[in-house]
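Here is the input, now give the coordinates:
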Amino acid sequence: ARSVYVGGNTASSRGLTVSLTKEAGGDMGIEAGALVLADRGVCCLDELDKMPKTHQDGLLEAMEQQQVSIAKAGVVASLPSRCSVIAAANPKSGHYNMSKSVAENLSMNGPLLSRFDLVFILRDEADSDRDRMISGSIMGRVRKGDSQSGNHQVKQQLDGRMANANLVPMQHRLPWVNNFQKQPLPMQQVKDYIAYAREYCRPKMTDAAAEVLSDYFMKLRHPGMNESKKDNVPITTRQLEALIRLSQARAKACLRPYVLKEDAEDVVELMIESCKQVHMDESGRVDKARGGVGGKSKQRRAFLQAMRDSGQYEFLYSDLQRIADRLSLPVGGFKDFVEDIREAGEIQRTYNGSTTIYK
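Residues are numbered from 1 along each chain as shown. Down below sits the predicted model:
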């Protein structure tokens, strides 16, 4: 069976269905789109939420009638599109809100959503057993084939040598290198060095390096007893794959055939500094909004603290507005701001007749 992959952020309605083209003789020709090319096969649509709604409408007929019709410029035709459509979409707010429907989370039209026979929700929830299994699977994929390379003993010797060495943190090593290397290296020599590393160096992951990266990934996914899960740095398997790539680049810069524990520790040090600069505010607390995850953590904390200091237990919506005015919070989108706090479980909403009460 044939299969076609399409990215929603670059697809159009004509690219999914059919389009007309003018040929050399002046006649009109029909060019098949992804759904027609995938006839009797599978069409995979990624990033469906990034596709404009005007282009999503092109899927309606194909998913219901199993055909694509066109009537334009004197051409009337119907082409078969008997294919299975597998689509993936991300929630518009960066995380799935269980208090909203699937259509509201994905910002997708109801008629299009009803065309899918099955809809599954995949939520990235922190689970130690599952996270360790995923990190082990990713590390196993990177280290695949290393044990058959005949250099397993060399890897163990390298790991043992670096385990006995006292590694100086990168923030102390870099100033020393800057003072030691006064003159810049010749440009051509640097180019040749980089070209040689890119062409001939393919570092493999060692067990010690993989353990350092996995432990750091698990530490961020599951904070300690004294830390709140709501205030931890948001991290997914993408960041774990980024750690692997950076570790391999660190070993490649040294022309090493293997990624050592030293390389992994340097990359973890870089990632820690990056998280500090991106996710922490001036008071040293984690602010998820700084990393593009969404929300207004700093304003939220100030708002909740003002609610506690007021001495009230129940609040009307007008009371919340007065607190926001006193804190000089932005008036625009205040209703969504309150809803975000409620959906996060910080406050509750009840009804007393026609009166809405927050507490």
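
check contacts around Q312.
Contacts for Q312 (CB atoms under 8 Å, 6 or more residues apart in numbering) come out as D319. The C-beta positions use only the backbone N, C-alpha and C, and glycine is treated the same way.

and it, that's in a strand?
No. Looking at Q312 with DSSP: H, G, I helix; E, B strand; the rest coil, it is coil, so not inside a strand.

If I look at it, what pLDDT would I see?
Note on Q312: pLDDT of 81.

For burial, what's the neighbour tally of the residue found closest to Q66 once you drop the neighbours it is linked to in the chain?
With sequence-adjacent residues excluded and distances taken as CB to CB, 6 or more residues apart in numbering, Q66 is closest to R82, at 4.8 Å. R82 has 13 neighbouring residues, counting by other CB atoms under 10 Å.

Need the per-residue pLDDT for R82.
pLDDT, R82: 90.

so it is in which element?
Under DSSP states H and E, no helix or strand contains R82.

Surely it touches D39?
Yes. Contact status for R82 versus D39: in contact at 5.5 Å, counting by CB atoms under 8 Å.

residue contacts, the residue nearest to Q66?
Contacts of R82 were listed using CB under 8 Å, 6+ apart, and they are 39-40, 66-67.

Identify each buried residue in the biggest helix by length in the chain, please.
When the chain is parsed with DSSP state H, its longest helix is helix 261-279. By 16 or more other CB atoms under 10 Å, the buried positions in helix 261-279 come out as 261-268, 271, 275, 279.

and what of stretch 120-134?
131, 134.

got the CA positions of it in CSV?
Extracted in CSV, the C-alpha atoms of stretch 120-134 (Å, rounded to 0.1, in the frame of the first residue of the first chain):
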residue,chain,number,x,y,z
PHE,A,120,-7.0,9.7,21.0
ILE,A,121,-5.6,12.3,23.4
LEU,A,122,-1.9,11.9,24.2
ARG,A,123,-1.0,13.9,27.3
ASP,A,124,2.6,14.3,28.5
GLU,A,125,2.2,13.5,32.2
ALA,A,126,5.2,12.9,34.4
ASP,A,127,5.4,9.2,35.2
SER,A,128,8.8,7.9,36.5
ASP,A,129,8.4,4.4,35.1
ARG,A,130,7.3,5.5,31.7
ASP,A,131,9.8,8.4,31.5
ARG,A,132,12.6,6.0,32.4
MET,A,133,11.4,3.6,29.8
ILE,A,134,11.3,6.3,27.1
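
for that stretch, what is the average pLDDT?
Here stretch 120-134 scores 84 as its mean pLDDT.

Likewise for stretch 351-359?
Mean pLDDT, computed over stretch 351-359, is 70.

ok, now stretch 204-215?
Stretch 204-215 shows a mean pLDDT of 90 in the predicted model.

same deal with stretch 222-235?
61.

try stretch 52-59
Stretch 52-59 comes out at a mean pLDDT of 84.

Have a look at the protein and report the helix or strand with the lowest mean pLDDT.
Counting by mean pLDDT, DSSP states H and E, the chain has its least confident helix or strand at helix 152-164, which shows a mean of 53.

got the residue ranges for the helices in the stretch 251-359 of the chain?
For the stretch 251-359 of the chain, the helices defined by DSSP state H, counting those that start in this stretch cover 261-279, 297-309, 317-326, 334-343.

quick one: S13 and M51 touch, right?
No. Using CB under 8 Å, S13 makes no contact with M51, being 9.1 Å away.

which of these two has more neighbours?
Between S13 and M51, M51 has the larger neighbour count (other CB under 10 Å), namely 25 against 17.

residues near the closest residue to that one other than its chain neighbours, how many?
Spatial nearest neighbour of M51, excluding adjacent residues (CB to CB, 6+ apart): G8 at 3.8 Å. Look at G8: counted by other CB under 10 Å, it has 19 neighbours.

S328 and K22, how far apart?
60 Å (CB to CB, to the nearest Å).

what do you get for A195?
47 Å.

that older thread, which of the contacts of R82 has the most neighbours?
Most crowded among the contacts of R82, counting by other CB under 10 Å, is D39 at 19 neighbours.

so which helix or strand takes in that residue?
Applying DSSP H and E, one finds D39 in no helix or strand.

Any chance of the backbone angles for it?
phi -60, psi 130 (degrees, to the nearest 10).

Would you state the helices of the stretch 51-200 of the chain in chain order?
Secondary structure of the stretch 51-200 of the chain (DSSP H, counting those that start in this stretch): helices at 53-56, 58-65, 102-106, 110-114, 128-142, 152-164, 170-180, 187-200.

out of the ones you listed, deepest packed?
Mean neighbours per residue, mean count of other CB atoms under 10 Å, is largest over the helices of the stretch 51-200 of the chain for helix 58-65, with a mean of 19.

ok, residues contacting it?
Taking CB under 8 Å, 6+ apart as the rule, helix 58-65 contacts 13-14, 16-17, 35, 67-69, 81, 85, 111-112, 115-116.

Quick one: the helices of the stretch 251-359 of the chain as CSV, columns for distance to Y216 and mean pLDDT too.
Output for those, formatted as CSV (distance: least, CB to CB, whole Å; pLDDT from 0 to 100):
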stretch, distance to Y216, mean pLDDT
helix 261-279, 5, 86
helix 297-309, 23, 78
helix 317-326, 39, 83
helix 334-343, 30, 77
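
Export the ones you listed to JSON lines and append columns for distance to L122.
Output for the helices of the stretch 251-359 of the chain, formatted as JSON lines (distance: least, CB to CB, whole Å):
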{"stretch": "helix 261-279", "distance to L122": "24"}
{"stretch": "helix 297-309", "distance to L122": "25"}
{"stretch": "helix 317-326", "distance to L122": "34"}
{"stretch": "helix 334-343", "distance to L122": "19"}
